[in-house]
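Participant: I'll drop the sequence and a predicted model, then ask my questions.
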Amino acid sequence: MKNKNRFLLLIFFLSVSLFSQEEEKQKTKFTNFLANSYYSVNFGGIFYPFSNDNLIEGYQTETFSKNWFSGRFMLGHKITNNLSAQFGTMRPASWFKYNNVNNIGYERSVWINAWFLSLKKDFKLSNKTSFYAEAGIANLTRFGFSIDDKEIYNDAHYASLIYGLGLQYRLTEKWRLSANGTFLPKSEKQNQPSISQFSLGFEYHLQQVDDKTANEYAKNDYFFPNNILQFSYGTGEIGFGLNEFFGMSMKVGNFESFGIPVFWVGEIKAQHAVSLTYQRLIYRSEKIFSLDWGVSATYFQSTRGKTDVFAFSIFPVLRFYLLRKKDYDFYTNYSIIGPTYISKSDIDNTQTGPKTTYQDTMGFGVFFGKKRRYNFELRIMHYSNGNIFTKNDGVAIPIQFTLGKTF
């Protein structure tokens, strides 16, 4: 457990370093670190040959449900023009399922998830085309299953090699298209088959603007708050419909998974939640985008066991301005992987993993009033460790009504 906490604390301090900024730097220019960074989004097929051989003796099935669709998401930083460090995750969109185990109606799923750190080396083939090789280490987590309290396929959590090859085509200085192959080897010790993923996607490389352009952005009339102080309250009495919709788990008619898969819900539900949040501007574009860092303190009480829990977080915030009018500015924001200390890891007799975990938020809001001094926001929240560990049931915070003050 100590090693787990040290790992997450390391991510915490790296996050502070990444999203801090010297006061004298212009907010319309990236920090040196961000100016040499990129993000990557990829979708494709994932292949992992689970079989009856992975189950204990006496248990088997004749049919399996396999969903090949998967995603791979990364943040990268260019050490040199041709060498980058990458941090990311890969996982299937839905889990492998053993159907009708032993022909008596049991259906059980096996979950897999990998977080990784890797080095990527580019080899230029032409002015626009390059080949790359990638190698690193992955934190692989597998959730097995039990039947009648008997473990049929055990959980696993271990370090694995990860390596990959790919081709990239440069559209512009910012955009690159990618075709990727990523591999994790088989582990006999952990009873884990190999994992192969083949995907297509893109890289978006952040580009620093020149001083003249930065000054023009800084002097325009578009509003970007330097500081925001917010108070939020949410209650489970109004349900978790918004959480379920954006987690694609809302039940509507014959649909068991209606919605958009861009957020998470959680097995543990909060009945009441109160948050105090401070956010500070790091970077702003000309009109549409800003990047903030924030800190928050949250209290919530669970629905089933009325357990009182406190959470303290630091996090990045991506804010996109969707509509700018004379009297208000309307935006959406998204925050992910905010390092968090949570006061209890056993909530309602459910193990949620280490006390050091992550906070995710998503919201819509407006800045209004004279000089946009006031803020109103609707926000949903989630706490979990991102399947880094085998205990990760997650906490769902219902929609919070938020009032804020800018300064």
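Facilitator: Looks like it arrived, so ask away.

Participant: now the stretch 251-400 of the chain, which segments are flagged as low pLDDT?
Facilitator: Within the stretch 251-400 of the chain, the segments meeting pLDDT under 70 span 256, 390, 392.

Participant: what are the bridge partners for Val395, then?
Facilitator: Counting by DSSP bridges, Val395 forms beta bridges with Ile268, Tyr383.

Participant: One more: Leu167?
Facilitator: Here Leu167, judged by DSSP bridges, has bridge partners Phe131, Ala179.

Participant: give the contact list for it.
Facilitator: Leu167 makes contact with Thr129, Ser130, Phe131, Tyr132, Ser178, Ala179, according to Cβ atoms under 8 Å, 6 or more residues apart in numbering. Yep, even glycine has a C-beta here, placed from its N, CA and C like the rest.

Participant: Grab the nearest non-local neighbour of the first one.
Facilitator: To tie it back to what came earlier, the one meant is Thr129. Closest residue to Thr129 apart from its sequence neighbours, by Cβ to Cβ, 6 or more residues apart in numbering: Tyr169 at 5.6 Å.

Participant: Phi and psi next, for that neighbour.
Facilitator: Per-residue torsions, Tyr169: phi -120, psi 120 (degrees, to the nearest 10).

Participant: show me what contacts it?
Facilitator: So Tyr169 contacts Lys128, Thr129, Arg176, Leu177, Ser178 (Cβ under 8 Å, 6+ apart).

Participant: can we see that at 10 Å?
Facilitator: If a contact means Cβ atoms under 10 Å, 6 or more residues apart in numbering, then Tyr169 has Leu125, Ser126, Lys128, Thr129, Ser130, Trp175, Arg176, Leu177, Ser178, Ala179, Phe202 as its contacts.

Participant: likewise Phe64?
Facilitator: Phe64 touches Phe50, Ser51, Asn52, Phe96, Lys97, Tyr98, Asn99, Val110, counting by Cβ under 10 Å, 6+ apart.

Participant: Dump those to TSV, plus pLDDT.
Facilitator: Rendered in TSV, the data for the contacts of Phe64 read as follows (pLDDT from 0 to 100):
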residue	pLDDT
Phe50	93
Ser51	92
Asn52	93
Phe96	89
Lys97	91
Tyr98	92
Asn99	90
Val110	91
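
Participant: Just among those, which is most surrounded?
Facilitator: Tyr98 (26 neighbours; other Cβ atoms under 10 Å).

Participant: I'd say that one and Gln60 touch.
Facilitator: Yes - under the criterion of Cβ atoms under 10 Å, Tyr98 makes contact with Gln60 at 8.5 Å.

Participant: List the beta-bridge partners for Gly338.
Facilitator: Applying DSSP bridges, one finds that Gly338 bridges with Gln359.

Participant: Same question for the one 4 residues further on.
Facilitator: Using DSSP bridges, the beta-bridge partners of Ile342 come out as Ala311.

Participant: how close does it get to Thr307?
Facilitator: Look at Ile342 and Thr307: by Cβ to Cβ, to the nearest Å, they are 11 Å apart.

Participant: And the contacts of stretch 142-156?
Facilitator: 48, 50, 54-56, 58-59, 95, 97-98, 101-102, 104, 106-114, 140-141, 157-158, 187, 189-192, 387, 389-392.

Participant: which of the residues in it are buried?
Facilitator: Going by neighbour count (16 or more other Cβ atoms under 10 Å), the buried part of stretch 142-156 is Arg142, Phe143, Gly144, Phe145, Ile147, Ile152, Tyr153, Asp155, Ala156.

Participant: cool, and stretch 342-358?
Facilitator: Quick answer for stretch 342-358 (16+ other Cβ under 10 Å): Ile342, Ser345, Ile347, Asp348, Thr350, Thr352, Gly353, Pro354, Lys355, Thr356, Thr357, Tyr358.

Participant: Kindly report the same for stretch 375-387.
Facilitator: For stretch 375-387, burial by neighbour count (16+ other Cβ under 10 Å) applies to Asn375, Glu377, Arg379, Ile380, Met381, His382, Tyr383, Ser384, Asn385, Gly386, Asn387.

Participant: Is it possible to get TSV of the contacts of Phe64 that adds secondary structure and distance to Asp292?
Facilitator: TSV is the format used below for the contacts of Phe64 (DSSP: H, G, I helix; E, B strand; the rest coil; distance: Cβ to Cβ, whole Å):
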residue	secondary structure	distance to Asp292
Phe50	coil	42
Ser51	coil	48
Asn52	helix	50
Phe96	strand	39
Lys97	strand	40
Tyr98	strand	45
Asn99	strand	46
Val110	strand	38
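
Participant: Which stretches in the stretch 201-350 of the chain count as helices?
Facilitator: Along the stretch 201-350 of the chain, the stretches classed as helices by DSSP state H, counting those that start in this stretch are 211-219, 241-246.

Participant: could I get the shortest one in PDB with only the CA atoms?
Facilitator: Once non-C-alpha atoms are left out, helix 241-246 reads as follows in PDB (Å, rounded to 0.1, in the frame of the first residue of the first chain):
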ATOM      1  CA  GLY A 241     -29.300  11.300 -14.600                       C
ATOM      2  CA  LEU A 242     -26.600  13.700 -15.900                       C
ATOM      3  CA  ASN A 243     -23.800  11.500 -14.600                       C
ATOM      4  CA  GLU A 244     -25.400   8.400 -16.200                       C
ATOM      5  CA  PHE A 245     -26.000  10.200 -19.500                       C
ATOM      6  CA  PHE A 246     -22.400  11.400 -19.900                       C
END
